[in-house]
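> Return atomic coordinates for the entry below.
(chains A and B)
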Amino acid sequence: MDIPYTVEVRRDTGLTNGKIGIWLFLASEVMLFGALFASYILIRVGAPNWPKGDTILNVPMATFNTIVLITSSITMVMAWASLMRNRFGTFRIYMGATILLGFVFLVVKYFEYSAKLHHGLYPSTNNFLAIYFTLTGLHMLHVIGGMAVNAYLWGFGSKLWKTNPVWFTNRVENSGLFWHFVDLVWIFLFPTLYLL
Amino acid sequence: MSQPGAIATPTPHAAHEGHHEELGFWRKYVFSVDHKVIGIQYAITGLLFLLFGFSLMMLMRWQLAYPGSPLPLLGSLLGEVRMPGGIMQPDFYNELGAMHGTIMVFLGVVPLAVGGFGNFVLPLQIGAPDMAFPRLNMASYWFFFLGGMIMLGSFFVPGGAAQGGWTSYSPLANLAGMGQTVWLIGMIFLITSSLLGAINFITTTIQLRAKGLSFMRFPFFVWAQFVTSFLLLLAFPPLEAAAVMQLMDRLAGTSFFLPSGLVVSGQVLDVAGGGNPILWQHLFWFLAHPEVYVLILPAMGIVAEIIANNTRKPLWGYRPMVYSLVFLGFMSFLVWAHHMFMTGMGTEMAAFFQTTTMIISIPSVVILTALVISLWGGSIRFNTPMLFALGFLPMFGIGGLTGLPLGFNISDIPLHDTYYVIAHFHYVVAPGTIFALFAGIYYWFPKATGRMMNETLGKIHFFGSIVCMNVIFMPMFLVGLAGVSRRLFDGGESYAFAQPVLQMNVVSSWGAWILAIFQIPFIFNFFWSIWKGEKTGDNPWQATTLEWAAPSPPPHGNFLVAPEAYRGPYEYSVPGAAKDFTPQHEA
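Numbering: from 1, shown residues only, chains lettered A, B, ... in the order given. Next comes the predicted model:
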C-alpha cells in the first residue's frame, strides 16, 4: 500500500507530506529554542550582574564557526540545486562539503568547550555558563542530527536517486530546510551569547 | 492503494488474508505500521496505565480515610520501606500522588484519547488509507511505551519514584531523590512521542483527506484532533526545554531554578544560585494549560459524534462549534499563569490572566451548549455509548463551572491547593473525559473488531460509574471549601479546622473502591466481546461518517475503494430521504 502525496504534490495544497511535516517540526523547534531564549532573558534581567560574553568566551573562534555554518548552508542549497539540474556527481561533492563543514564546526566547538573546562569554567560555575553550555550543547546535538541525515542522503540513502529521483530531491530539500534552521539558531545564539 | 491487481480480490476477507501471508506476527501486531494496530496498541496500553494509576489512588484513599491504620491484606505485600506493618509512610504517599497525576495525564488519558482514538478513527473518518508517515507513527508509539516503562521503573530506583507532584516544581524537584531524574528522562521520551504524533496527525488531516472532504465537511472529532495536535506540537517543546534545564540543574549542578541563598535543613545550599523557581512554573504551565485542552477536546469530539448519531439529528451549530474549538486552541496559550496567582505576581499580570481565563470559558460554554441543544427534539437512542456521552455533559458542566472561582485572582487565593481544586479538575477529566473515552470505546468497538459489546454489562458499568464518580468528588468540594490542603498525608486529621469534614474522606474513599468494582463488568465485557460478542455489519449504528464505509474490521489500507465525500458529516433525518441517515460517501 502506498501513501499518496509522498512524491507528487497534492493539487489543492500544493505540497508533499514531507514538506508539511518538516515545517511543522521546525515550528516545534522554534518553540523549543524560543523557550530557552525566553529563559535566558528572564534569568539575565533578574541577575544583579551579568558578564559580557566576550570577557569569557572566544569571539574569533565563534566568528569563524558562524562563517563555517553559513557556508555550509550555501553548499546545502547547491547540493539540492545540483539534483534539480540532474547532476548527481556535483550533488555528491556539495553534500560532502556540507557534512565536512559541519564536522569543522564540531571540532572548533570541541576546542572551545575543552578550553572552558580546562580553565575551571563549568556549567555549575554561574548561570551565564549554565545557559551557554545548555544552549550551545542543544544546538550541537541538532548539528549532529542534521549531519547524520545528510550523511545518510550522501551515502546509503542516495540509492533512491536511481529509482525515484523526485522523491530523493524532496528529501534533500527537507533535510536542507532543517540544516538552514540549525544555521539560523546559531545566528541568533552567536550575538546573544558572545557579543551582548 | 487500489491497484488493478488488488481489485481482483473482491471480498475484504480475501484481501485481509493476503496480508496474513505477507506479514509475520511481529510485524502485524507488535511492530506494525498500520494506524489501526498502532491505535489499538495505544488504547490498550493507555487503559492499562489508567487502571494502574487508579490503583495508586486507591492506596492513597486508604491512608486518607483511615490515617495510620494498617492496610489489610495488600499492605504487607508492599514492603517494609514503603508500608511497614501495612502502615503507609509519608514518602510513599508522596510517590503515589506524584505518579498518579503523571500516569493519568501523560500515560493514560492522552495516549488513549489522542494516540488511541486519534490513530484509529481519524484516518478512517477522513477516508485515508493510513497516516501520512506510518513508520513515524510506529516510532511515536514505541517512544511512548519506553517513556511509560521508564516511569514505571522509577518506583524501583533508590529512594523510590518522583515525589514532587505531576508539576515537578522547583526547587523541591531539584533537591529530590533519583526518582525525579528518571521522571524527567521519562518525560523527554513522552514529549518526543507526542511531537511525532502531532506532526503526523496534522499532515494526515491536511493531505490525505478524501476527495470532496473539505474542512467544513469534517466530522467534529477530526476538528478536535486537528486542534489538539497543534496544542501538542507547540506547547510541549517549552516543557522539553524546562525538563532539559531541570536535568542540567540536577546532573550538571547548574542553578536555572535555584535562587541564591536557598536554605535547606538549616544550611545554605552550595550552588551558584541566581536562578528563578518561578521560571519553572511558567514553562511548566505554558505546556500544562494547553494540556488541559488536550485532555478535553478529543473527548468533546467523541461526544459530538455519538450525540449526532444517537439523536438522529445534525449537530446543532456545527460551524460555531468549530470556530469555538479553534478559538479555544488559540486562547489556551494565553491563560497559563492563572495556575500561578499564589506566586505573588503583580495585579496587572493577574488581571490580564484572569481576563483571558474568563474569555476562554466562552467557547467551552458555546460547545457544551450546542451539544445540549442538539438533544432537543431528537428521538434519542439510549444505548451505552450514548449514556456515557450524556453523562459527560453535566459532569463536564460541573467541572467547568466550578473552575470559574479558580480563574478569578481573588477567589482563587483561599481555594488554591485545596481539595476544591482536586474536585474541579477531576470532574472535568474523570467523569468528563474518561466517560467520553468509555463512550468512544463502546461506539467504535464494532468498527475495530466486527462485534458489538454487551449492552447490559455496559449499562451496569455506566450507572455504577456515574454514581460512584459523584460520591468520590462531590464531597471534595466541601472538604476544599473548608480549607483542607490537597497535599496533606493524613487528609487533615491533625488540623482542628478540618475535623467537621473528615468523615467526607471516608465517603470519597469508599466511592473510589466501589468504582473499581464497577469497572469489572467493563473489563470482562471488553475481552469477552472481542471473541464472543454479537457479530455485526459495517455500519451497526447507521452512522453517516466515512469510517463506517470501511469493512469491520478494516483491512490494511482501510477502504476497498477510495471513498469520496459528497456532503457534510451529519445528514441525519433529511426530509424526503429514503432512510433517516445519508452517509457522506453516498452520491
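> Spell out which residues of chain A are next to chain B.
Residues of chain A lying close to chain B (C-beta under 8 Å from any C-beta of the partner chain) are A:1-5, A:10, A:13, A:15-17, A:20-21, A:24-25, A:27-29, A:31-36, A:39, A:42-43, A:46-47, A:122-127, A:130-131, A:133-134, A:138. C-betas here are computed from N, CA, C, even on glycine.
> let's see 7 Å
A:1-5, A:10, A:13, A:17, A:20-21, A:24-25, A:27-28, A:31-32, A:35-36, A:39, A:42-43, A:46-47, A:123-127, A:130, A:134, A:138 (C-beta under 7 Å from any C-beta of the partner chain).
> contacting residues for B:Ser494?
With contact set as C-beta atoms under 7 Å, 6 or more residues apart in numbering or on different chains, B:Ser494 has no partners.
> Look up phi and psi at it.
Main-chain torsions, B:Ser494, degrees, to the nearest 10: phi -90, psi 0.
> how close does the residue sitting nearest the centre point of chain B sit to chain A?
Centroid-nearest residue in chain B, with C-alpha atoms, centre = their mean: B:Val109, separated by 2.6 Å. Going from B:Val109 to chain A by C-beta to the nearest C-beta, to the nearest Å gives 22 Å.
> next one: B:Phe559
11 Å.
> so what's that residue closest to, chain neighbours aside?
Among residues not flanking B:Phe559 along the chain, B:Ala550 sits closest, at 5.2 Å (C-beta to C-beta, 6 or more residues apart in numbering or on different chains).
> so how many other residues sit close to that neighbour?
Counted with other C-beta atoms under 10 Å in any protein chain shown, the neighbours of B:Ala550 add up to 23.
> pLDDT wise, what is it at?
As predicted, B:Ala550 sits at a pLDDT of 96.
> Ramachandran angles for it?
Dihedral angles (degrees, to the nearest 10) for B:Ala550: phi -90, psi 160.
> Contact partners for it?
Counted by C-beta under 7 Å, 6+ apart, B:Ala550 has contacts B:124, B:538, B:558-559.
> Check the gap between it and B:Ser229 for me.
B:Ala550 sits 22 Å away from B:Ser229, going by C-beta to C-beta, to the nearest Å.
> for chain A, what spans make up the helices?
A:17-45, A:53-56, A:59-84, A:88-118, A:127-154, A:160-163, A:165-189 (DSSP state H).
> Adding mean neighbour count and distance to B:Ala241, write these out as TSV.
Listed next are those as TSV, based on neighbours: other C-beta atoms under 10 Å in any protein chain shown; distance: least, C-beta to C-beta, whole Å:
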stretch	mean neighbour count	distance to B:Ala241
helix A:17-45	19	4
helix A:53-56	14	21
helix A:59-84	18	22
helix A:88-118	16	20
helix A:127-154	20	8
helix A:160-163	14	35
helix A:165-189	20	13
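> closest one to B:Trp376 among those helices?
With C-beta to C-beta as the measure, helix A:17-45 is the member of the helices of chain A nearest B:Trp376 (39.5 Å).
> Count the residues that sit near residue 49.
All of this is about chain A. 7.
> that's the wrong chain, I meant chain B
23.
> for chain B, which helix is longest?
Assignment by DSSP H; longest helix in chain B turns out to be helix B:277-311.
> In contact with B:Pro123, which residues?
B:35, B:130-131, B:204, B:208, B:558.
> Could you count how many residues lie near the closest residue to chain A within the stretch 301-450 of chain B?
Closest to chain A within the stretch 301-450 of chain B is B:Phe333: 10.1 Å, counting by C-beta to the nearest C-beta. For B:Phe333, the count of nearby residues is 16 (other C-beta under 10 Å).
> Off-centre distance for the longest helix of chain B?
8 Å (C-alpha atoms, centre = their mean, to the nearest Å).
> can it be found next to chain A?
Yes. Residues of helix B:277-311 are located near chain A by C-beta under 7 Å from any C-beta, namely B:279, B:283.
> Tell me if I'm right that B:Gly275 and B:Leu262 touch.
No. Between B:Gly275 and B:Leu262 there is no contact under C-beta atoms under 7 Å: 9.2 Å.
> Out of the two, name the residue with the larger neighbour count.
B:Gly275 (29 against 18).
> any idea how far that one lies from B:Gln246?
11 Å.
> For chain A, name the helix or strand with the lowest mean pLDDT.
One helix or strand of chain A scores below all others by mean pLDDT, DSSP states H and E: helix A:53-56, with a mean of 92.
> which residues are contacting it?
Residues contacting helix A:53-56 (C-beta under 7 Å, 6+ apart): A:121, A:128, A:193-196.
> how does it look with 10 Å?
With C-beta atoms under 10 Å, 6 or more residues apart in numbering or on different chains as the test, helix A:53-56 has contacts from A:59-60, A:62, A:116, A:119, A:121, A:125-126, A:128-129, A:132, A:190-196.
> all strands for the stretch 201-350 of chain B, in order.
B:263-264, B:267-268 (DSSP state E, counting those that start in this stretch).
> Ok, which of these comes nearest chain A?
strand B:267-268 (15.7 Å).
> Let me know whether that closest one sits next to chain A.
No. Strand B:267-268 stays out of contact with chain A when judged by C-beta under 10 Å from any C-beta of the partner chain, the minimum separation being 15.7 Å.
> Tell me how far B:Asn539 lies from B:His585.
Counting by C-beta to C-beta, the gap from B:Asn539 to B:His585 is 11 Å.
> In terms of helix, strand or coil, where does the closest residue to B:Phe327 other than its chain neighbours fall?
With sequence-adjacent residues excluded and distances taken as C-beta to C-beta, 6+ apart, B:Phe327 is closest to B:Pro363, at 4.9 Å. Taken by DSSP: H, G, I helix; E, B strand; the rest coil, the conformation at B:Pro363 corresponds to helix.
> And for B:Pro363, the neighbour number?
B:Pro363: 21 neighbours (other C-beta under 10 Å).
> In contact with it, which residues?
Contacts of B:Pro363 (C-beta under 10 Å, 6+ apart): B:320-321, B:323-332.
> same check, this time on B:Asn174
For B:Asn174, counting by C-beta under 10 Å, 6+ apart, the contacting residues are B:164, B:168, B:180, B:246, B:249-250, B:254-258, B:262, B:264, B:269, B:271, B:275, B:277, B:280.
> ok, 8 Å please
Shown in contact with B:Asn174 (C-beta atoms under 8 Å, 6 or more residues apart in numbering or on different chains): B:246, B:249-250, B:257-258.
> Pick out whichever of those sits closest to chain A.
Among the contacts of B:Asn174, and counting by C-beta to the nearest C-beta, the member closest to chain A is B:Asp249, at 8.4 Å.
> Report pLDDT for the closest one.
96.
> can you tell me how far it sits from B:Phe256?
5 Å.
> Overlap in contacts, these two.
B:Gly275.
> Please say which of these two ends up with more neighbours.
B:Phe256 (29 against 26).
> B:Asn539 and B:His585: who's more crowded?
More crowded of B:Asn539 and B:His585, by other C-beta under 10 Å: B:His585, with 23 against 18.
> quick one: that one is in a strand?
No. Remark: B:His585 does not belong to a strand; assigned using three-state DSSP, it is coil.
> you'd agree it is up against B:Tyr566?
Yes. With contact defined as C-beta atoms under 8 Å, B:His585 counts as touching B:Tyr566 (7.1 Å).
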